[in-house]
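1. Next one to model:
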Amino acid sequence: MLQSGTYKIGAWFHSGRFADQRFDTAGQCLSAGHERSGGSKPVDFYFDTGLTYKGPFGREDDTIGIGFAYTRIGGAARSLDADTTATTPAYPVRSRETLLEVSYQFQVTR
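-> Got it, this is the predicted structure:
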């Protein structure tokens with residue numbers, strides 16, 4: 001059963017273009033000299049969500065929360081990483097990032 005309180009939901013979407021991180025304006029690869037193969041977005045998917053609850057454990061001014069985020073790195077950025085790995089073997093190839101956050105905010109004084 002839902003209690004009375006404040007509930008919020010939101011979203012955003014970015015449809016703009018980003019500068020190509022793999023190729024320069026002449027189409028030359030920034031790390032290995034390959035030809036241009038397409039557009040570029042550093043991140044091609046992002047999602048986050050979270051919940052907070054005010055008043056846990058009978059402490060009306062405290063807040064407990066949990067958050068989750070997921071990011072998928074775009075193909076052009078992954079390709080740039082793979083090109084860089086050819087000359088710098090320890091360089092990582094990014095693919096995704098997942099985040100889980102738990103927080104507790106407490107009121108010290110009244």
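
2. Could you list which residues are in contact with Leu51?
-> Contacts for Leu51 (Cβ atoms under 8 Å, 6 or more residues apart in numbering) come out as Gly65, Ile66, Gly67. Quick note: C-beta positions are derived from backbone N, CA and C, even for glycine.

3. Next up, the contacts around the residue nearest to Gly75 when sequence neighbours are not counted.
-> Leaving aside its chain neighbours, Gly75 sits nearest to Asp44 (7.0 Å; criterion: Cβ to Cβ, 6 or more residues apart in numbering). Remark: with contacts taken as Cβ under 8 Å, 6+ apart, Asp44 is in contact with Arg72, Ile73, Gly74, Gly75.

4. Max pairwise distance over the residues you listed: which two?
-> Arg72 and Gly75 (9.8 Å; Cβ to Cβ).

5. which stretches of the protein aren't confidently modelled?
-> Counting by pLDDT under 70, the chain shows low-confidence ranges at 1-8, 17-25, 27-41.

6. Gly58 and Ser103: what is the separation?
-> 19 Å (Cβ to Cβ, to the nearest Å).

7. and the two? which has more neighbours close in?
-> Shown here are Gly58 and Ser103; by other Cβ atoms under 10 Å, Ser103 has more neighbours (11 against 6).

8. Let me know the secondary structure of that one.
-> Three-state assignment for Ser103 (DSSP: H, G, I helix; E, B strand; the rest coil): strand.

9. Just grab the bridge partners of it for me.
-> Counting by DSSP bridges, Ser103 is bridged to Gly65.

10. Surely it is in contact with Pro56?
-> No: counting by Cβ atoms under 8 Å, Ser103 stays clear of Pro56, with 11.6 Å between them.
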